[in-house]
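Engineer: generate a structure from the sequence data that follows.
(one chain, ligands or ions: 1)
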Amino acid sequence: MSSNQLTLAPAPPSEAAERVRLEVREFLAQELAAGTFTTHVDTWLSGVDPEFSRKLGAHGWLGMTWPKEYGGHERTAQERYAVTEELLAAGAPVAAHWIADRQSGPNLLRYGTEAQRKEILPRIAAGECYFVIGMSEPDSGSDLASIRTRGVRNADGDFVVNGAKIWTSNAHHSHYGIVLVRTGPPGEGPRGKHQGLTQLLVDLSLPGISVNPIRILDGGHHFNEVVFTDVVVPGDMLLGTEGAGWHQVTAELAFERSGPERFLSTWPLLAEFGRRAAATGDPAQLAVLGRLSSRALALRQLSLRIAAALDRGELPDIPAALVKDMGTTFEQDVVDEVRRVVDVPASLDSPDPLGRALAEAQLHAPGYTLRGGTNEILKGIVARGLGLR
Ligand SMILES: Cc1cc2nc3c(=O)[nH]c(=O)nc-3n(C[C@H](O)[C@H](O)[C@H](O)COP(=O)(O)OP(=O)(O)OC[C@H]3O[C@@H](n4cnc5c(N)ncnc54)[C@H](O)[C@@H]3O)c2cc1C
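Structural biologist: Have a look, this model is predicted:
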């Protein structure tokens, strides 16, 4: 059921979710004390640590809501929410498995063949198999249906793929991509270009695939351009229905947009700032802390309600778009507001954790309101959902 209203029922706290939250908190405190990771901003994009991902898999904190027969744990969306929230708040290195656990696995559960599910889902749940999203292309971001990468069936029924994807996060660390390609002609009319699109499950080690780095402002390598030259993707790696790629991508984006990562990317900065403001007692800093904390609490309530709606089997796509818009604006505002009231130089090499977190957040911030759909596009989705356009 799709909800085109902005009302979301309250989400009473679940005991199971609070229990797993405490377990994760204890695990993270131990890992921090052992020095296996240090806190950073925006680690769901940039904190790649396969060993850490495997540890989360061993604890049963990946594939949490999936059926046990595919390596999942049949827990609730609220329990999963508590785990993700704690990992993000601690700035833990979760980028290796993030996309696979959040959206590729659910996508396979919904559309994959039995063979695809059996082969791949247990490896994702174990924290050993990582995915990329192959949607955007040069000149096709918001206007995704204008993609030009083609998959043409050959005599064996395989797809021969040619084209290029861009902004492909962590392709250099990942095993598979779910790649949107054009396999058929567009139809007539303004929505015709949504026809003829198909999702393929692509093993990134196939011959003909090259992964070229694109560096972000802090010099880090997370993005890539992925070029496909006569790549032969076996016919049984079709995901879902040939030609139904647009519908499948839209459903996938609902998973992508609804989580707490859309307002917690700069939480490690806010937490560090909170400690500083409390220590200095500076009224200007405390005022900013109060303002940001109250927004964070409100966003969290909305985001929790979305998780609860997912648990009830609803598809709260319109509220999720709105919360992502508000959440990513918030995580950018954290950077601006903190910068105004602290007298700490922002530097990636700063010995002061606040200076380092501020620099990391500043350099990552431009991407927050772009990735997963720009805020202008999200506002358009909300307006359409409310019947305003
Ligand atoms: C950190 C990060 C990670 C990413 N990871 C991935 C990934 O792993 N896989 C992947 O496929 N993509 C990824 N992307 C790409 C991302 O999804 C696109 O950047 C996004 O969809 C916007 O597309 P674009 O960059 O082509 O901008 P454009 O679509 O060219 O938009 C440029 C500007 O025009 C505005 N605009 C465009 N159309 C309209 C409209 N109709 N109405 C109003 N305003 C409009 C946009 O809001 C934006 O401000 C990532 C991006 C970032 C920043």
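Engineer: residue of the stretch 101-250 of the chain nearest the ligand, please.
Structural biologist: As assessed by C-beta to the nearest ligand atom, the ligand sits closest to Gly141 within the stretch 101-250 of the chain, at 1.8 Å. C-betas here are computed from N, CA, C, even on glycine.
Engineer: need phi/psi at that residue.
Structural biologist: phi -110, psi -80 (degrees, to the nearest 10).
Engineer: separation between it and Ala254?
Structural biologist: Gly141 sits 18 Å away from Ala254, going by C-beta to C-beta, to the nearest Å.
Engineer: what does Glu272 give?
Structural biologist: To Ala254, Glu272 is 33 Å away according to C-beta to C-beta.
Engineer: so which of those two has more stuff around it?
Structural biologist: Set Glu272 next to Ala254 and count neighbours by other C-beta atoms under 10 Å: Glu272 wins out with 23 against 19.
Engineer: hmm, stretch 354-364 in reach of the ligand?
Structural biologist: No - against the ligand, stretch 354-364 shows no contacts by C-beta under 6 Å from any ligand atom, the least distance being 7.6 Å.
Engineer: check what pLDDT the residue of the stretch 101-250 of the chain closest to the ligand gets.
Structural biologist: Note on Gly141: pLDDT of 94.
Engineer: how deep is it tucked in, by neighbour count?
Structural biologist: Here the number of neighbours of Gly141 (other C-beta under 10 Å) works out to 17.
Engineer: go on, Ala155?
Structural biologist: Neighbour count for Ala155, taken as other C-beta under 10 Å: 5.
Engineer: over to Leu354?
Structural biologist: Number of residues near Leu354 (other C-beta under 10 Å) recorded here: 17.
Engineer: same question for Glu15.
Structural biologist: Glu15 - counted by other C-beta under 10 Å - has 8 other residues nearby.
Engineer: and it, how far is that from the ligand?
Structural biologist: As for Glu15, its distance to the ligand is 36 Å (criterion: C-beta to the nearest ligand atom, to the nearest Å).
Engineer: wait, what's in contact with that residue?
Structural biologist: By C-beta atoms under 8 Å, 6 or more residues apart in numbering, the contact list for Glu15 is empty.
Engineer: and it, how close does it get to Glu79?
Structural biologist: In this view, Glu15 and Glu79 are 10 Å apart by C-beta to C-beta.
Engineer: correct me, but Trp44 touches Glu261?
Structural biologist: Yes - counting by C-beta atoms under 8 Å, Trp44 does reach Glu261; the two are 4.9 Å apart.
Engineer: please parse this structure into its domains.
Structural biologist: The chain breaks down into these domains under the TED database: 15-129, 133-245, 257-386.
Engineer: so Gly220 makes contact with Gly47?
Structural biologist: No - judged on C-beta under 8 Å, Gly220 makes no contact with Gly47 at a distance of 10.4 Å.
Engineer: so for the two, which sits in the more crowded spot?
Structural biologist: Between Gly220 and Gly47, Gly47 has the larger neighbour count (other C-beta under 10 Å), namely 23 against 16.
Engineer: so how far is the ligand from the more buried one?
Structural biologist: Distance from Gly47 to the ligand, counting by C-beta to the nearest ligand atom: 13 Å.
Engineer: for that residue, list the residues it contacts.
Structural biologist: By C-beta under 8 Å, 6+ apart, the residues touching Gly47 are Phe37, His40, Gly91, Ala92, Pro93, Val94, Ala95.
Engineer: between the residues you listed, which is closest to the ligand?
Structural biologist: Ala95 (10.8 Å).
Engineer: report how many residues lie close to the closest one.
Structural biologist: Residue neighbour count, defined by other C-beta under 10 Å, stands at 22 for Ala95.
Engineer: helix or strand: which one has Asn162?
Structural biologist: Following DSSP states H and E, one finds Asn162 within strand 159-166.
Engineer: and that strand, what's its mean pLDDT?
Structural biologist: On average, strand 159-166 scores 98.
Engineer: cool, and stretch 176-190?
Structural biologist: Here the average pLDDT along stretch 176-190 is 95.
Engineer: now do stretch 193-201
Structural biologist: The model assigns stretch 193-201 a mean pLDDT of 97.
Engineer: first to last residue in that stretch, what's the distance?
Structural biologist: One end of stretch 193-201 to the other measures 21 Å (C-alpha to C-alpha, to the nearest Å).
Engineer: mind listing residues that contact the helix or strand of the chain with the lowest mean pLDDT?
Structural biologist: Least confident helix or strand of the chain, by mean pLDDT, DSSP states H and E, is helix 245-257 with a mean of 84. Applying C-beta under 8 Å, 6+ apart, the external contacts of helix 245-257 come out as 102-103, 106-107, 110-111, 133, 135, 144-145, 178, 180-181, 183, 194-195, 197-199, 239-241, 315, 317, 320-321, 324, 372-373, 378.
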